[in-house]
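Chemist: Give me a model of this one.
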Amino acid sequence: MVAKKGREGREGSQPAFFRTSRIFLAFLDFLRVLRFSLRASIFFALFDFSLRCSRLEALELF
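Modeler: Predicted structure coming up:
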């Protein structure tokens, strides 16, 4: 009976582990989305900067 209680105790702790791993995986997904959005915002900032530079050069030519 003591061994059964020990086994039940270990099984009872598994859902907490799975809950923690689920939170950790959600956090990793959040970081992946954040990294993608940061990369996209840098790309669009550089694209906008290059457009502004080309507009300034066009204005200087006239």
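
Chemist: Next, residue 48: secondary structure please.
Modeler: helix (DSSP: H, G, I helix; E, B strand; the rest coil).

Chemist: now the helices for the protein?
Modeler: For the chain, the helices defined by DSSP state H cover 2-61.

Chemist: Where does pLDDT dip in it?
Modeler: 1-14, 17, 61-62 (pLDDT under 70).

Chemist: Residue 35: neighbouring residues, count only.
Modeler: Neighbours of residue 35 under the rule other Cβ atoms under 10 Å: 10. From N, CA and C alone the C-beta is placed, and that goes for glycine too.

Chemist: again, but for residue 52
Modeler: Count around residue 52 with other Cβ under 10 Å applied: 10.

Chemist: any idea how far residue 34 is from it?
Modeler: 27 Å (Cβ to Cβ, to the nearest Å).

Chemist: What of residue 49?
Modeler: For residue 49, the distance to residue 34 - Cβ to Cβ - is 22 Å.

Chemist: now residue 19
Modeler: With Cβ to Cβ as the criterion, residue 19 and residue 34 are 23 Å apart.

Chemist: Contacts only, for residue 20.
Modeler: Under the criterion of Cβ atoms under 8 Å, 6 or more residues apart in numbering, residue 20 has no contact partners.

Chemist: how close does it get to residue 27?
Modeler: Taking Cβ to Cβ, one finds residue 20 at 11 Å from residue 27.

Chemist: For residue 38, which residues are in contact?
Modeler: Contacts of residue 38 by Cβ under 8 Å, 6+ apart: none found.

Chemist: Would you mind measuring from the residue most central in space within the chain to residue 25?
Modeler: In the chain, the C-alpha nearest the mean C-alpha coordinate belongs to residue 31, at 1.7 Å (Cα atoms, centre = their mean). Noted for residue 31: a distance of 11 Å to residue 25, by Cβ to Cβ.
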